[in-house]
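my questions concern the predicted model and sequence given below.
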Protein chains: 2
Amino acid sequence: MSIRDLARHLDISIGTVSRALNGKADVNEETRERVLEAAKRLGYVPNQSGRSLRQGTTNTIGFMIESTIETADAGGSFFMPVFEGVQSVFRRHHLDLVALLCDMDEEPADYLNRVVSRRFVDGLIISATARHDPRIDFLLERKIPFITLGRSEAPGNYPWIDLDFEGVAMTAVKRLVELGHRHIAIGIPASDINLGYIFLDGYKRALAGSGIAFNPDLVVRAHANEEGGYQTATALLAQKQTPTAVILVNENMAIGLYRRFYEAGIHPGRDIAVIGFRESTQSRFLSPTLTCFRISLRDLGIKLAESLLSTMPAFEGHYSQDKVELIWPMELVPGESDQFQLQPSKQQQS
Amino acid sequence: MSIRDLARHLDISIGTVSRALNGKADVNEETRERVLEAAKRLGYVPNQSGRSLRQGTTNTIGFMIESTIETADAGGSFFMPVFEGVQSVFRRHHLDLVALLCDMDEEPADYLNRVVSRRFVDGLIISATARHDPRIDFLLERKIPFITLGRSEAPGNYPWIDLDFEGVAMTAVKRLVELGHRHIAIGIPASDINLGYIFLDGYKRALAGSGIAFNPDLVVRAHANEEGGYQTATALLAQKQTPTAVILVNENMAIGLYRRFYEAGIHPGRDIAVIGFRESTQSRFLSPTLTCFRISLRDLGIKLAESLLSTMPAFEGHYSQDKVELIWPMELVPGESDQFQLQPSKQQQS
DNA sequence: ATGAAAGCGCTAACAT
DNA sequence: ATGTTAGCGCTTTCAT
């Protein structure tokens, strides 16, 4: 069923059929209705390759995610709600969202090159930006509309949105300091992902602001998952003086961390304060409930989509053209995991 | 940069360039090398729309997932490893995998119709099959290669792979009966998703095999997530006689269930036996560790991909042509959550 | 308001 | 071994 078949069936030219289907003005209303009715009845849907070839667009936006070992498990629960938000915007413009799954074995930059060169998508959202991310240079050079979820050190003029890792670190440190803690550890990703650096910076600045000396031993690097949390706890327990508080940059780490501490007879929220990262269905059900930070991933997705479209000529005027460089705020959700009065004895130890 | 530009640059015809790039035999080796070198140097990659239009194929396989409220969070952690496995197979054939994200607001069948009619993909993997799933009829009628992850009641001849929900239910019941339980509840999804029915059937059969009467009050329907687990525990506590054991068809439910039981002063693994569904990074870190079932999601993905390709003419001979109707076994992983001797007094109550 | 036809980039059939 | 050309389905320009 091609447009040719449909035209023949209606005994009109394919040009008119095309115009009717695409809502062009110069088409008789009666003709349009006949065309639309027949298309529906016969189940005609235009072939995307034909359109793409002719128009140079695909009406598809790609959201590139990497299935690294680290995020294979947890990444999904983060991205799904984001996709939902992105999609709710794209729908209005008849754009389709596809998740581009970069194989673990393939270089993200190579994969992206393939996708872009094949003209697979009209625009891109890329995530998990590295501190130095060649993908950004590539997309800028190729002039492909894109937005990144995550900052990068790459110079250049491109839109991005990132979670407020620095703010989270500072808020968490401040909160713990007010509860009497001075011996505060952090668990951050072992990889080159940019958020680790940003989080660390925020942590250092907050310490400095509270007059606490930075102690590199209190920075534990591990995978951003349950296993990494377990290892983080192990590392902290091995120190000659276990810190009185831990801040994690990933909520799943909390699960493993709790476990390891329980095994050592140490109760989060009683013997050690824990602040996690993102509030999730899991964090809500931990015992004790995790103090963490709330974010609407759906809203994040909406903003990502709108910001991307605002850079695309085809959608000019629909959205504010201001280039987006946005640090997405996160809201503290107090839990039980850091709610206890630190004993003065411990407090002095640090 | 089109094939025409490349040909002009090399001062040969586009036909020869095309043949060289596509590894056809009738091309001079020296010419081929010149072409490949120039393509690489100039960054030429064939336009997918052009190829698709000509060849009628897209070299892309779609994996359709739905972001329902129920699975928005948890679904991701299930699918990511499956994708990884699927991709590892597709890579060998230069096929790309895209996740097709059906908007919550859109009927899955409508969405699928769009994707298929536009010739977006050469083949499909569809998941979360409903008991009666119109998508299957549609794909059969359109003769699109596909495989489902999940059974359906739909008649017809199509390949599917499904987890062994019935086997899990039977194994779990048998195990609990041997530990002395006779008052065994189950928590299953509230939706029409087919696995709920299958799980329930297995449960009933196992009870019958053990000479235990089926009690409908012990079947609790809830969302397959943490919240649903919490509600399931609440429902069980409200019964005039709390069961001595619970089997859950979703591992995330265990997290909420634990929480609710703890709140009521009931300790899983001591006061009540719990068996979860899939071993996950989270279940491994629960306290007490959850007795559950292990599955390699990556291997599942590999089998899905291979089975799909075996139905596609273009890959004839690469994989066994036997139509796949496979129940994927799951292996019991004993945890602490059901390891206690039931007191005879309780045992008699049921 | 409609029809005719060019042409998007590519591959494959046919010609040499 | 290479060149030439038709045509995949579609949109759009030009003509009427």
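Perfect, thanks for sending it.

quick one: stretch A:181-194 near chain B?
No - figure legend: stretch A:181-194 not in contact with chain B (Cβ under 8 Å from any Cβ of the partner chain); closest approach 14.6 Å. Quick note: C-beta positions are derived from backbone N, CA and C, even for glycine.

for that stretch, the distance to its chain's centre please.
19 Å (Cα atoms, centre = their mean, to the nearest Å).

same deal with stretch A:46-55?
31 Å.

mind listing what's buried in it?
Within stretch A:46-55, the residues that count as buried by 16 or more other Cβ atoms under 10 Å in any protein chain shown are A:46-53.

go on, stretch A:167-187?
A:167-173, A:175-177, A:179-187.

in strands, which of those fall?
A:184-187 (DSSP state E).

from those residues, which is closest to DNA strand C?
Comparing these against DNA strand C with Cβ to the nearest atom of the strand places residue A:187 closest, at 47.7 Å.

the buried residues of stretch A:46-55 also near DNA strand D: which ones?
Near DNA strand D, judged by Cβ under 7 Å from any atom of the strand, the entries from those are A:46-47, A:49-51, A:53.

which SSE is residue A:89 in?
helix A:74-92 (DSSP states H and E).

after that helix, next one along is what?
That would be, after helix A:74-92 and using DSSP H and E, strand A:96-102.

pLDDT of that next one, averaged?
The average of the pLDDT scores along strand A:96-102 is 88.

next, the buried residues of the helix or strand following it.
Downstream of strand A:96-102, the next assigned helix or strand under DSSP H and E is helix A:108-117. The neighbour-count check on helix A:108-117 (16+ other Cβ under 10 Å) flags A:108, A:111-117 as buried.

hmm, back to that, can you lay out the ones next to DNA strand D among the buried residues of stretch A:46-55 as CSV showing distance to chain B, secondary structure and pLDDT?
Putting those into CSV (distance: Cβ to the nearest Cβ, whole Å; DSSP: H, G, I helix; E, B strand; the rest coil; pLDDT from 0 to 100) gives the following:
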residue, distance to chain B, secondary structure, pLDDT
A:46, 7, coil, 91
A:47, 5, coil, 91
A:49, 4, helix, 91
A:50, 6, helix, 93
A:51, 8, helix, 92
A:53, 4, helix, 92
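
out of those, which one sits closest to DNA strand C?
Nearest member of those to DNA strand C, counting by Cβ to the nearest atom of the strand, is residue A:53, at 3.8 Å.

other SSEs contacting the helix or strand where residue A:227 lies?
In the assignment (DSSP H and E), residue A:227 maps to helix A:226-238. Applying 3 or more Cβ pairs under 8 Å, 6 or more residues apart in numbering or on different chains; DSSP states H and E, one finds that helix A:226-238 makes contact with strand A:184-189, strand A:219-222, strand A:245-248, helix A:251-263, helix B:281-284.

helices or strands next to the last one in the packing?
Using 3+ Cβ pairs under 8 Å, 6+ apart as the contact criterion, the elements in contact with helix B:281-284 are helix A:226-238, helix A:251-263, helix B:251-263.

mind putting the ones you listed in JSON lines, mean neighbour count and mean pLDDT included?
Converted to JSON lines, the helices and strands packed on helix B:281-284 look like this (neighbours: other Cβ atoms under 10 Å in any protein chain shown; pLDDT from 0 to 100):
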{"stretch": "helix A:226-238", "mean neighbour count": "22", "mean pLDDT": "95"}
{"stretch": "helix A:251-263", "mean neighbour count": "24", "mean pLDDT": "91"}
{"stretch": "helix B:251-263", "mean neighbour count": "24", "mean pLDDT": "91"}
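
just put those helices in TSV and tack on distance to residue A:294.
Formatted as TSV, the helices and strands packed on helix B:281-284 follow (distance: least, Cβ to Cβ, whole Å):
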stretch	distance to residue A:294
helix A:226-238	20
helix A:251-263	11
helix B:251-263	18
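
circling back to that earlier point, next, the angle helix A:251-263 makes with the helix holding residue A:89.
160 degrees (axes from the mean of the first three to the mean of the last three Cα atoms, to 10 degrees).

how about helix A:74-92: buried residues?
Quick answer for helix A:74-92 (16+ other Cβ under 10 Å): A:74-90.

let's have the helices and strands packed on helix A:226-238 in TSV, adding distance to DNA strand D.
Below are those laid out as TSV (distance: least, Cβ to the nearest atom of the strand, whole Å):
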stretch	distance to DNA strand D
strand A:184-189	45
strand A:219-222	51
strand A:245-248	50
helix A:251-263	45
helix B:281-284	46
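
so which of these gets nearest residue A:146?
With Cβ to Cβ as the criterion, residue A:146 lies closest to strand A:184-189 of the helices and strands packed on helix A:226-238, at 23.4 Å.

after the closest one comes which helix or strand?
Next element after strand A:184-189 (DSSP H and E): helix A:194-209.

which residues are contacting that following helix?
Outside helix A:194-209, the residues within contact range by Cβ atoms under 8 Å, 6 or more residues apart in numbering or on different chains are A:129-131, A:133, A:150-153, A:162-163, A:165-170, A:172-174, A:177, A:184, A:186, A:188-189, A:213-214, A:219, A:221, A:247, A:249.

and that helix, how far out from the chain's middle?
Worked out by Cα atoms, centre = their mean, helix A:194-209 lies 20 Å from the chain centre.

so that helix versus strand A:184-189, what angle?
Using the same axes, to 10 degrees: helix A:194-209 against strand A:184-189 is 170 degrees.
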